[in-house]
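J.: Sequence first, then the predicted structure:
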Amino acid sequence: EAQLVESGGDTVQAGESLRLSCAASGFTFEDYAVAWFRQAPGKEREDVSCIISKDGTAVYSDSVKGRFTVSRDDAKNTVFLQMDRLKPEDTATYSCAYRRGYYCTTYERYDYWGQGTQVTVSS
């Protein structure tokens, strides 16, 4: 069964770092875009970042730009989200999504989605 599995979520103090992983199971990352989204209780889902495999181009939301870094390890079928200088407002469930094709898009237009991993940042 093809699925995405996120890991790395935790409870940390403001200013600390976390690295999230998004791993493919049952399929291989190929010619893809992988995006990270987050959703806090009572709030709408928010785009966080997206990376395209063709040339490694990455985009970020203004709220995380300069603090978060997305990267990939194609040999491991895994995309990472390095989150530095975390803030309480980063608290959310983070999920990843994968699609074949070299562009990032809206959540619904991806092919596979993970279940999410919880990140909690205390002040």
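T.: Nice, I can see it.
J.: Run through the bridge partners of the residue nearest the centre of the chain.
T.: By C-alpha atoms, centre = their mean, the chain has its centre lying nearest to Trp36, at 2.8 Å. Beta-bridge partners of Trp36, counted by DSSP bridges, are Ser49, Cys96.
J.: ok now do it, which residues does it touch?
T.: Leu20, Cys22, Val48, Ser49, Cys50, Val70, Val79, Leu81, Tyr94, Ser95, Cys96 (C-beta atoms under 8 Å, 6 or more residues apart in numbering). (Glycine included, C-beta is placed from N, CA and C.)
J.: go again using 10 Å as the cut-off
T.: Trp36 makes contacts with 6, 20, 22, 46-51, 60-61, 64, 68, 70, 79-81, 83, 94-97, 114, as judged by C-beta atoms under 10 Å, 6 or more residues apart in numbering.
J.: what's the answer for Ala35, then?
T.: 22, 47-52, 59, 70, 79, 95-99, 104-107, 109-110, 113.
J.: I am finished for the moment; much appreciated.
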